[in-house]
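Student: requesting a structural model of the entry that follows:
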Amino acid sequence: MARRTILEVDFMSLFRNVRTDRETRNKISTESCSDVKILHDITKQIPRGVRFGSHLATHPSVVSLSSRDLVVELARSRATLESWLDRPIHALAALCSIANERLTRTAAFCGYRICFTTESGMARLDNDPLRLPRIDVRGDWTLETFAVAMEKAQ
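Tutor: Just a heads-up that it's a prediction; the model follows:
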């Protein structure tokens, strides 16, 4: 119990240290054309019902990260998106076909409720929410292409 409390307190101080506040967000978005475009593209989708999740802050290989660095990546990504979007982020999409126990436990510790693996398929009600399959959907797909992908995933 004491170890868990220490970890939670340490995590909260770490989370505050990596959190991107509005001033930083505004500085980033005014200095970098790519950040402005990304933020504009993302916020344009919100009124259309699109929800966003995390994909780690700097897209590192999960297996090469220490546990502390993995926490930093997960927390920084989530905090940045929450700051940019003014809404909670609960979902994580795993990188590079790595969705191991270490990642899912650390993601849960960092507040993620859902983790999509790189396993292709349709999620079902009895799936572990931290190990959900996913269907990669490209932005240039037609409705028919999407329907075919859904049928194949069943």
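
Student: for this protein, which helix is longest?
Tutor: helix 67-85 (DSSP state H).

Student: which strand runs longest in this structure?
Tutor: Across the chain, the longest stretch assigned as strand under DSSP state E is strand 114-120.

Student: return the set of buried residues in it.
Tutor: Applying a neighbour-count criterion of 16 or more other CB atoms under 10 Å, one finds 114-117 buried in strand 114-120. C-beta here means a position set from N, CA and C on the backbone, and glycine is covered the same way.

Student: what sits up against that strand?
Tutor: Residues outside strand 114-120 that contact it (CB atoms under 8 Å, 6 or more residues apart in numbering): 53, 90-94, 96-99, 103-104, 107-108, 129-136, 153.

Student: now with 7 Å, please.
Tutor: Outside strand 114-120, the residues that touch it by CB atoms under 7 Å, 6 or more residues apart in numbering are 90-94, 97, 99, 104, 107, 129-135, 153.

Student: now the helix or strand just after it: average pLDDT?
Tutor: Using DSSP states H and E, the helix or strand that follows strand 114-120 towards the C-terminus is strand 132-134. Mean per-residue pLDDT for strand 132-134: 88.

Student: packing partners for the very next helix or strand once past strand 132-134?
Tutor: Downstream of strand 132-134, the next assigned helix or strand under DSSP H and E is helix 143-153. With contacts defined as 3 or more CB pairs under 7 Å, 6 or more residues apart in numbering; DSSP states H and E, helix 143-153 has no helix or strand neighbours.

Student: name the residues of helix 143-153 that come out as buried.
Tutor: Ala149.

Student: any idea which residue sits dead centre in the protein?
Tutor: Centrality entry for the chain: nearest residue to the mean C-alpha point is Ser54, 1.4 Å, by CA atoms, centre = their mean.

Student: so how far is Thr118 from that one?
Tutor: According to CB to CB, to the nearest Å, Ser54 and Thr118 sit 15 Å apart.
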